[in-house]
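Chemist: can you look at this prediction? I've put the sequence above it.
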Amino acid sequence: MVKTSFAPSRARGHGRGVRSPGRRSLAFGLACAVAASGLAAFTRPASASASAEDTPAYRNTSLPFSVRAADLVSRMTLEEKYDQLIAMQPHATWRPKPKAIDRLGVKSYGYWGEANHGIYFPTVPGNSNYTQYPQSTSIASTWNPGITREIAGGIADEARVTYNTSCPPGVPNPDPAGGACHGLTYWSPNQNLNRDPRWGRADESYTEDPFLAGQVAGAFVTGLQGDTASRPDTVPTGAADYIQAVATPKHYLANNSEANRDFGTSNITERSMHEYFLPPFAASAGEAGARSLMAAYNAFSVVEDYTTDYPSASSYPTLWSPRDDVTPGGTPGTPAAASRYAIETMLRRSYGFDGFVVSDCDAITRVHGTGTSGHSWHPVQLGGQTQISKTLGNAWALKAGTDLDCSGGDYPTASGLPAAQSQGFVSEADVDIALVRAFTARFQLGEFDPVASVPWNSASYSLSEAGDPDVKPASPAHRAVAHESALEAPVLLKNAGGALPFAGAASGKTVALGHVDTLNNFQSGSYSGPTAVDTTFAQALAERTGSAPSAVTAGSTTPFLSSHLAVFPDVLDADGTAITTSVCASSPCDPVADAATAEYQISQADNVVVVVGHRNNDGGEGTDRSTVVLPRMQAELIRDSIAPLAQKYGKKIAVWIQAKTMVDVSAFKDLPSVGAIVWSSFNGMYQGKAMAELLFNDAVALEDGRTAVANFSGKLPLTWYSDVDAQLGPATAPDRAVEDYRMTRAEGARCGRTYLYYQVGPGCAAPHYVFGQGLSYSPFGYGTPRLPSSKITPDESVTVSVPVSNRAADRPGKAVVEVYARAPQGADGSQRPLKQLKGFVKSDLIAAKTTTVKVTIDAGDLWFWDDVKHRKVFPTGDWTILAGPSSADADLKSVKLRVTGRRTPGVEVVSAQPDATELSLDTPDNRINARLSVTRHDMTFWKLSDRALKVTYASSDPSVATVDARGSVRPVSTGAVLITARATADGESRSTTFPVVVTSGAPDATGSAFPNAYLSRVDFGDRAVRLDQASSGTQLSARVFPADPTATYSYQIAPMDTNTAGASVTPAGVLTAARTGHVRVTVTATGAGVQTSESALMTITPGRRWDTTGVAPAPTSWRSTRATAPFTPSP
């Protein structure tokens, strides 16, 4: 990995300090600090009611965020808990929003916000003065994670000002428009990989490359969350311990086809899942520490197995069946929002994500929906013959780890989770876990802390006179970053004969032509909010050439003529078959009679630019494009009309393309009169101004007083295929190639997709432009890469040094050094990628000198996925390290790097997924199990009994709760504690934490009108049962508190729960098992017209390890602060 990938290139404009230590080392450090300091538990009285407490634990800022969240959730009624599972936008009147809980100080909070490239919503009512940055694909084409971080930081500033205006901190009962506080949780970034340029939402995503996507998304997450060191187990002691906003990478996983988005299965293979689709989320949700993540609508072709210690994939059906409404039996895989393997095993246990997961809006409906409203899912755990019900689908999604329901149409409804609890598929503990994750993020935002202790709550983040001018919407600091990024995003694809830069605007004549929708209308892309500036290309050229921008009215189709500028915004002919450009009535042109014709103006021009591209609705959410042909006959306009006129008069034209993604340039790219071609995606509020400045290579004064040079430095984030339909397949039926997720020819793709797998050959012509391509006005030269050592092990890193020279003193520019790796064997595009981007750096300005650019990569990142052993492998031998200005072999110079030895197993991630957050003294048999996992560097799991691994557990206060060597937590007295688990192997240590609250007394039902309110608890403890007893059947038992002799009990093993013992249980509680292992059993108690439930872990042992009662005796370390695991804890 690039060691500085998330570090800023400079301090933010308003001088905020930066704290960005490594995520895993930070988590470990905090946990150790907590354990070492003997973190005090906050003791609660016997009653669960908060009324008798001076300071409830959730208000105690000396406790970790997660502990406080657990305490707050424990005080909610069941009705309140269901209601808090809703994640909806404040202004949405068609769906419910979570209600305020006044007695606990919980505001009605609107989770749903959008901010891919500026605030889309929520916004301050009546205020349209926001900063709009370049759209996501343009952000990626800057190849500059530093500026990406600044973009996201500016968005976070404006988000805080918006929140503080609509929902003032410290005001107990705000009344914002829409009825809920405009939240600080944004469903951004969209980082799905752009594997097909016809995808309707392509402009919302970054790139086709997983490494680049991860670097850009990670930088965005870091910036949006405020560059802080805040973690769930942080005890806030200063300003940097709070996050500024919550980032939500989306859409997890393999989700970028629109026509089947509600009922489609992404046909991915095991290798492509791990090598291609997962890594960007590992970077943003794992390494960068996003506090939230969105589960997608789609299903993917993974059949899941819950008979292993951790959910696993039993098979990857590769039959292409992307439309589940016409597939017999529905999806062959698993809906994303219900995938325990993708969410629990991969996201949480393998990549260390510790935030909350929200569904895409109505994605939980897709889990159980049929036809075009869902996946018609028949889970194998139900025998593969039963269509899943709404109730069971809701339970499956919750237990998979989808914590919140975006739109609220499922979880809180009567047939959703309330019914799932009544039927024993989930328990209240499962709801608690989800809410603790979500509320932990809200505690990290500072929502429940004193106003003065949270930096983002200050008057600086307001629209008032006291507000910091650098953080207000559309501030000079934010505008400067929007302007700078708009200068860095455009990609110069062709510049024959020095066609660019143009001659001086004030002394020459510039002619601008193009379709009115592109040339003279502002286009911003999908999910674009109100913007303070919306200058069109035509208006910007008018300003640059000395005319008032207002002289060219936006949207006007009338030609504009001045002494230095002529603008011709053409439209389609009436028959819709061609665009024509006005020509002279006589030959030669008459300077008077023909003055208003495009032909005459071209004949007199010094500079000619043609602006073409997309408008906002050329594809979008729900609509893929059927073609990459430029719409509205724009390519024909160039080829048949403008280019011939330019050729006639000996002019060179520059074609400026602003399009969602690549477009077909075959019609004009090689015409002799087309001297230059430039592309960007939608380029934000300064798209017009940046274009004019880049065309003339201007020195630019940015809005915050800094200066910049308008020189091209953008690089393509995607491949420009020469014939998309032939090489990827038609988008129309029956091919529907946009819906086909096969990546390599070996998997069934025609030529392979993306630069990683595209194989040039018969029927697979070379692309027009390659990934990473982009020219500059600066004549850069790239030298041969150098390594400090030609041999390393997979545990080491290496720094690649690349000399870059600029031979022109008058053309300073920024160079991008791209570093690729090619495997020792099998790098043919089918077995393994042809090459892989492994690092890149964008330099500062280089002028007339040679600069050495250094890129550090880890040999541990030189891996592939073994789909037989189901793990990463680290090939040894001679890797080829390639460096240069693009991915084209002709642009790259190479050096050999020999990798020898094996990758040390080590400790990659330690993850606890406890089965509850609350214990009660009234049910003393109940336990919370850590359900710990320790991941090796090859992404396999350690056996926790392995002698090479040491696992320890600690309680921050054993007088409140103890934890034994198996990670089983027992209540002692009321209070709240943090449990820490640490794993050590091969000299590496990592840790994780989770909160536990101990209560006493019947659950609080204050103000509850919910018909299924829990007014009691169930005492149902974990048990160990010998296999010989379980084989013939063992009677389980439970009891309610307060005691109720009329209560009845029904036992259930939920089909989505882990069951390694091959166990079953009768409704009457007779447990049988086929083998040793473990299983979770849920009991539902019914009494006095209400129901309550509890789950317990049943461990089937091989022999007489336990006493004859079948209950595990307390170990000698039971009440100790720290325990070491001598054998495998039950997951």
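Modeler: In hand now; what should we look at?

Chemist: report the central residue of the protein.
Modeler: The residue at the geometric middle of the chain, judged as the C-alpha nearest the mean C-alpha position with CA atoms, centre = their mean, is Pro249 (1.7 Å).

Chemist: check contacts around that one.
Modeler: With contact set as CB atoms under 8 Å, 6 or more residues apart in numbering, Pro249 has these partners: 189, 191, 217, 221, 280-281, 284-285, 290, 293-294. Quick note: C-beta positions are derived from backbone N, CA and C, even for glycine.

Chemist: pop out the phi and psi values for Val221.
Modeler: phi -60, psi -50 (degrees, to the nearest 10).

Chemist: that one contacts Ala247, doesn't it?
Modeler: Yes. With contact defined as CB atoms under 8 Å, Val221 reaches Ala247; the gap is 4.2 Å.

Chemist: looking at those two, which is more packed in?
Modeler: More crowded of Val221 and Ala247, by other CB atoms under 10 Å: Ala247, with 34 against 29.

Chemist: quick check: buried residues in stretch 971-986?
Modeler: In terms of neighbour count (16 or more other CB atoms under 10 Å), stretch 971-986 has its buried residues at 971-972, 974-985.

Chemist: separation between Ala459 and Asn164?
Modeler: Here the criterion is CB to CB, to the nearest Å. By it, Ala459 lies 9 Å from Asn164.

Chemist: more crowded one of those two?
Modeler: Taking neighbours as other CB under 10 Å, Ala459 and Asn164 compare with Asn164 leading, 24 against 12.

Chemist: ok so the more buried one is a strand residue?
Modeler: No. Assignment of Asn164 by DSSP: H, G, I helix; E, B strand; the rest coil gives helix, placing it outside any strand.

Chemist: okay, domains of the protein per the record?
Modeler: By the assignment in automatic domain parsing, the chain contains the domains 489-719, 721-767, 778-885.

Chemist: and for Val471, the neighbour number?
Modeler: A total of 24 residues lie near Val471 under the criterion other CB under 10 Å.

Chemist: secondary structure class for it?
Modeler: Three states are possible here, and by three-state DSSP the one that applies to Val471 is coil.

Chemist: most neighbours, which of the contacts of Pro249?
Modeler: Using other CB under 10 Å as the neighbour test, the contacts of Pro249 are led by Ala217, with 33 neighbours.

Chemist: check which helix or strand covers that residue.
Modeler: With elements delineated by DSSP states H and E, Ala217 resides in helix 210-224, which encompasses its position.

Chemist: off-centre distance for that helix?
Modeler: The offset between the C-alpha centroid of helix 210-224 and the centroid of the whole chain comes to 8 Å, using CA atoms, centre = their mean, to the nearest Å.

Chemist: check stretch 1059-1079 too.
Modeler: Relative to the centre of its chain, stretch 1059-1079 is centred 38 Å away, using CA atoms, centre = their mean.

Chemist: in that stretch, what counts as buried?
Modeler: Judged by neighbour count using 16+ other CB under 10 Å, the buried positions of stretch 1059-1079 are 1059-1061, 1063, 1065, 1069, 1071-1073, 1076-1079.

Chemist: likewise stretch 1023-1033?
Modeler: If you call a residue buried by 16+ other CB under 10 Å, then stretch 1023-1033 has these buried ones: 1023-1027, 1029-1030.

Chemist: in helices, which of the residues you listed appear?
Modeler: Assignment to helices by DSSP state H places the following of those there: 1027, 1029-1030.

Chemist: now render those as TSV, adding pLDDT and distance to Ala815.
Modeler: As requested, these are exported to TSV (pLDDT from 0 to 100; distance: CB to CB, whole Å):
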residue	pLDDT	distance to Ala815
Leu1027	96	66
Gln1029	94	71
Ala1030	94	67
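
Chemist: possible to save the residues you listed as a markdown table with distance to Ala486?
Modeler: As requested, those are arranged in a markdown table below (distance: CB to CB, whole Å):
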| residue | distance to Ala486 |
| --- | --- |
| Leu1027 | 68 |
| Gln1029 | 71 |
| Ala1030 | 67 |
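
Chemist: hang on, the earlier thing: ok, and the closest non-adjacent residue to the residue nearest to the centre of the chain?
Modeler: Once flanking residues are discounted, Pro249 sits nearest to Ser284: 4.3 Å by CB to CB, 6 or more residues apart in numbering.

Chemist: hang on, Thr852 packs against Ser805?
Modeler: No. Under the criterion of CB under 8 Å, Thr852 makes no contact with Ser805, lying 10.1 Å away.

Chemist: before we move on, back to that, the buried residues of stretch 1023-1033: which two are farthest apart?
Modeler: The most widely separated members of those are Arg1023 and Leu1027, with 13.3 Å between them, by CB to CB.

Chemist: pLDDT on stretch 468-483, on average?
Modeler: Predicted confidence along stretch 468-483 averages 97 (mean pLDDT).

Chemist: output that stretch as PDB, nothing but the C-alphas.
Modeler: Once non-C-alpha atoms are left out, stretch 468-483 reads as follows in PDB (Å, rounded to 0.1, in the frame of the first residue of the first chain):
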ATOM      1  CA  ASP A 468     -15.700  31.100  10.600                       C
ATOM      2  CA  PRO A 469     -15.700  32.500   7.100                       C
ATOM      3  CA  ASP A 470     -13.500  29.600   6.000                       C
ATOM      4  CA  VAL A 471     -16.000  26.900   6.900                       C
ATOM      5  CA  LYS A 472     -19.300  28.400   5.800                       C
ATOM      6  CA  PRO A 473     -21.000  27.100   2.700                       C
ATOM      7  CA  ALA A 474     -19.200  28.300  -0.500                       C
ATOM      8  CA  SER A 475     -16.500  29.900   1.600                       C
ATOM      9  CA  PRO A 476     -13.400  31.200  -0.200                       C
ATOM     10  CA  ALA A 477     -11.400  28.300   1.200                       C
ATOM     11  CA  HIS A 478     -13.900  25.700  -0.200                       C
ATOM     12  CA  ARG A 479     -14.300  27.500  -3.500                       C
ATOM     13  CA  ALA A 480     -10.500  27.400  -3.900                       C
ATOM     14  CA  VAL A 481     -10.400  23.600  -3.500                       C
ATOM     15  CA  ALA A 482     -13.400  23.300  -5.900                       C
ATOM     16  CA  HIS A 483     -11.500  25.400  -8.400                       C
END
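
Chemist: for Glu1094, state which of the contacts of Pro249 is nearest.
Modeler: Using CB to CB, Leu293 comes nearest to Glu1094 of those, at 29.1 Å.

Chemist: surely that closest one is in a strand?
Modeler: Yes. Judged by three-state DSSP, Leu293 forms part of a strand.

Chemist: gap between it and Gln913?
Modeler: Spatial separation of Leu293 from Gln913 under the definition CB to CB is 15 Å.

Chemist: then Thr1072?
Modeler: Distance of Thr1072 to Gln913, computed by CB to CB: 26 Å.

Chemist: Val804 too?
Modeler: Taking CB to CB as the measure, Val804 and Gln913 are separated by 47 Å.

Chemist: for Val571, same thing?
Modeler: Counting by CB to CB - Val571 and Gln913 are separated by 59 Å.

Chemist: quick revisit: now the buried residues of stretch 971-986 as a markdown table including secondary structure?
Modeler: Listed next are the buried residues of stretch 971-986 as a markdown table, based on three-state DSSP:
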| residue | secondary structure |
| --- | --- |
| Pro971 | strand |
| Val972 | coil |
| Thr974 | coil |
| Gly975 | strand |
| Ala976 | strand |
| Val977 | strand |
| Leu978 | strand |
| Ile979 | strand |
| Thr980 | strand |
| Ala981 | strand |
| Arg982 | strand |
| Ala983 | strand |
| Thr984 | strand |
| Ala985 | strand |
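
Chemist: thank you kindly, that will do.
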